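# I'll drop the sequence and a predicted model, then ask my questions.
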Amino acid sequence: MKNSEVIALLILVRVSSVFLVQTWFVPDEYWQSLEVAHNFAFNYGYLTWEWVLGIRSYIYPLAIAFVYKILEFCRLDHAYALIFVPRILQALLSAYADYCFYKWCGRMKWAIFNITTAWFWYYVCSRTLINTLETALTMIALAHFPWDSKRNLNSTFLWIVSLVCIMRPTAVIQWLPLAIYYAIILKGRLFDVFFRDVLPFSMVSFMISTVIDSHAHGKFIITGYEFLKVNVFHNVGEWYGTQPWYWYLSTGLPATLGIQIVPFILATINILRNRHVYQNDLALLGCITFSLGIYSCLTHKEFRFILPLLPMILKISAGHLARWSYKATPFMVWLVVSVILVSNIIPALYLSLIHQRGTLRVMDHLRTLSESSPHNTSLLFLMPCHSTPLYSHLHKNVTTRFLTCEPNLYNVSNYQDEADQFYNNPNEWLRSNYPPTGKLPSHIIAFDSLLLSITDILSRYKPIYKFFHTNMPSGRVGAFVYIFEIIRT
Ligand SMILES: *[C@@H]1O[C@H](CO)[C@@H](O)[C@H](O)[C@H]1NC(C)=O
């Protein structure tokens, strides 16, 4: 394939995901990026406790806020632009990362195939998630890593790595083994490179990010240190759920890799048998194993945390498939291609179009309501915390309230977050927060599973919209999302 064709294909695939992926994945896609950027650019919104305490780097939200400011300056700050422009930019960065991945894999066709068909990467590549950015930058850095030590030792990748680690301190986990490998490659020049590149790069990145964060917070702050304090000393992650140590092996990795786990396992066996031939792949395997080991020790586990390992796995698998396909019959190659393709397309489509789409669809209607009467609209979300995006998707300064779920940051005994208090006794919570004589919200947004528990307040409302959300309702998340409107008398 010609270079321009590869680039066009990658852009097409990534940008298509902006419009195809219409579902909600995790709160952080909005609450750690768009909402923060919206608050910064337009001076209204809601910041979660992470931003009040200052444990996250402002670099990513500020980049988005900058885009928002340009849109505002050009009078193009319509809500659709605020939603789609950051996603398109993220998708283009992911496409560039894919191109770097392709170069890193020695311009193999299997590299294009593996990266474009990976369902999980398709599902997240255009989301404004810090994990997406981290993975894209990791791919770019991997492509600049001096794998071939005979050539000139390039240190561009050090810039990117220091940026990634400052924005996302946990990126150190996957970069530590690679840094050791880099040190081995350098041999005698280690001292030299450390003082010439590593130290100045990390110092400059650290200073720039501290200036940015301190400016955004209005006081001197080192977000990496605050992050460490909250996560290590208070172990706040546990508040958001714990999984057994083997979860990444039993669920995380198989689900995110899908059928690709088969060539990956075969490749791993082959690499371990021929260690001397595949030294770079061996280093990657070491990095993957080390990172999975560390992530498995942390109690809070999520699919997206291992996303940066995906390109490394796909590279190893692509190399193996390429070697295999030289010897295989054309029929076998087509068979394998079709199986990988179909088994990725099915989850990609289902998860992008159907599963958990209600909480995004509902925002389109809430926006219409807010735009038609901004002064009379007040929204009450009776759902698990951060179930929907908010001001980044409304772009109207209407009154809103949702149930919060802050962790027990101040060591209160018998602590219950607001969402738990509500779900323990919904009618009672509503009575004390919305006394009959007081003003009621104009609209209530809730999952169908809750409706029978809030009959008192709903007697004064009528349902106006109902959206499908998921085929697999569970716990506090129902199959449908309802909008109720107050009956005006
Ligand atoms: C947004 O609304 C709140 C509450 O009504 C008000 O205090 C605030 O000043 C408004 N902000 C802007 C930028 O309009």
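Perfect, I can see it now.
# let me see the contact set for the closest residue to the ligand within the stretch 51-200 of the chain.
Taking C-beta to the nearest ligand atom, the ligand has its nearest neighbour within the stretch 51-200 of the chain at residue 72, 12.4 Å off. From N, CA and C alone the C-beta is placed, and that goes for glycine too. Applying C-beta atoms under 8 Å, 6 or more residues apart in numbering, we find residue 72 in contact with 41, 42.
# list the buried residues for the host helix or strand of it?
Secondary-structure assignment from DSSP states H and E places residue 72 in helix 59-73. For helix 59-73, burial by neighbour count (16 or more other C-beta atoms under 10 Å) applies to 59, 60, 61, 62, 64, 65, 67, 68, 71.
# now it, how far from the centre of its chain.
Distance of helix 59-73 from the chain centroid (C-alpha atoms, centre = their mean, to the nearest Å) equals 19 Å.
# any idea of the mean pLDDT for it?
For helix 59-73, the mean per-residue pLDDT is 97.
# same deal with stretch 175-187?
Rounded mean pLDDT across stretch 175-187 is 90.
# just stretch 99-118 next, same as before
97.
# just the C-alphas of that stretch, formatted as PDB.
Output of stretch 99-118 as PDB, limited to C-alpha atoms (Å, rounded to 0.1, in the frame of the first residue of the first chain):
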ATOM      1  CA  TYR A  99       0.500   5.600  11.500                       C
ATOM      2  CA  CYS A 100       3.400   5.600  14.000                       C
ATOM      3  CA  PHE A 101       2.500   2.100  15.000                       C
ATOM      4  CA  TYR A 102       2.500   1.000  11.400                       C
ATOM      5  CA  LYS A 103       6.000   2.500  11.000                       C
ATOM      6  CA  TRP A 104       7.200   0.900  14.200                       C
ATOM      7  CA  CYS A 105       6.000  -2.500  13.000                       C
ATOM      8  CA  GLY A 106       8.200  -2.100   9.900                       C
ATOM      9  CA  ARG A 107       5.200  -1.100   7.600                       C
ATOM     10  CA  MET A 108       3.600  -4.500   7.800                       C
ATOM     11  CA  LYS A 109       0.100  -5.000   6.400                       C
ATOM     12  CA  TRP A 110      -0.700  -7.000   9.400                       C
ATOM     13  CA  ALA A 111       0.100  -4.000  11.600                       C
ATOM     14  CA  ILE A 112      -2.600  -2.000   9.800                       C
ATOM     15  CA  PHE A 113      -5.000  -4.900  10.000                       C
ATOM     16  CA  ASN A 114      -4.400  -5.500  13.700                       C
ATOM     17  CA  ILE A 115      -4.700  -1.800  14.800                       C
ATOM     18  CA  THR A 116      -7.700  -1.000  12.600                       C
ATOM     19  CA  THR A 117      -9.700  -4.100  13.600                       C
ATOM     20  CA  ALA A 118      -9.000  -3.900  17.400                       C
END
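# run through who's touching that stretch.
Outside stretch 99-118, the residues that touch it by C-beta under 8 Å, 6+ apart are 1, 6-7, 9-10, 13, 98, 121-122, 139-140, 142-145, 147, 258, 260, 310-311, 314-315, 317-319, 321-322, 325, 337, 340-341, 344-345.
# give me the distance from that stretch to the chain's centre.
The answer for stretch 99-118 is 22 Å, by C-alpha atoms, centre = their mean.
# buried sites along it?
For stretch 99-118, a neighbour-count test (16+ other C-beta under 10 Å) marks 99-102, 104-105, 108, 110-118 as buried.
# wait, residue 170 touches residue 306, no?
No: between residue 170 and residue 306 there is no contact under C-beta atoms under 8 Å: 11.0 Å.
# give me the more crowded residue out of those two.
residue 306 (23 against 19; other C-beta atoms under 10 Å).
# pull the number of nearby residues for the closest residue to that one other than its chain neighbours.
Setting aside the residues directly before and after it, residue 306 is nearest to residue 252 in space (C-beta to C-beta, 6 or more residues apart in numbering), at 5.7 Å. Residue 252 is flanked by 22 other residues according to other C-beta under 10 Å.
# any idea how far residue 252 lies from residue 233?
With distances taken as C-beta to C-beta, to the nearest Å, residue 252 is found 26 Å from residue 233.
# those residues of the protein touching the ligand, which are they?
Within reach of the ligand by C-beta under 6 Å from any ligand atom, the chain has these residues: 43, 44, 397.
# name the element the second one belongs to?
Going back to what we said before, that points to residue 44. Assigned by DSSP H and E, residue 44 falls outside every helix and strand.
# any idea of the pLDDT on it?
pLDDT for residue 44: 96.
# okay, now it: neighbour count?
12.
# which non-adjacent residue is nearest it?
residue 397 (4.6 Å).
# over to that neighbour: give its phi and psi.
With angles defined as degrees, to the nearest 10, residue 397 sits at phi -80, psi 60.
# residue 379 versus that one, what's the distance?
From residue 397 across to residue 379, the span is 12 Å (C-beta to C-beta).
# of the two, which one has the most company?
Here residue 397 and residue 379 are set side by side on neighbour count (other C-beta under 10 Å), and the busier one is residue 379, at 21 against 13.
# pretty sure residue 133 is touching residue 59, no?
No: contact criterion C-beta under 8 Å: residue 133 and residue 59 do not qualify, at 9.3 Å.
# overlap in contacts, those two.
Shared contacts of residue 133 and residue 59 (C-beta under 8 Å, 6+ apart): residue 167.
# state which helix of the protein is the longest.
Taking DSSP state H as the criterion, the chain has its longest helix at helix 79-104.
# quote the end-to-end distance of stretch 295-305.
8 Å (C-alpha to C-alpha, to the nearest Å).
# whoops, stretch 192-206 was the one
End-to-end span of stretch 192-206 (C-alpha to C-alpha): 21 Å.
# tell me which residues in the helix or strand of the chain with the lowest mean pLDDT are buried?
For the chain, the helix or strand with the lowest mean confidence is helix 190-193, at a mean of 82 (criterion: mean pLDDT, DSSP states H and E). Judged by neighbour count (16+ other C-beta under 10 Å), helix 190-193 contains these buried residues: residue 193.
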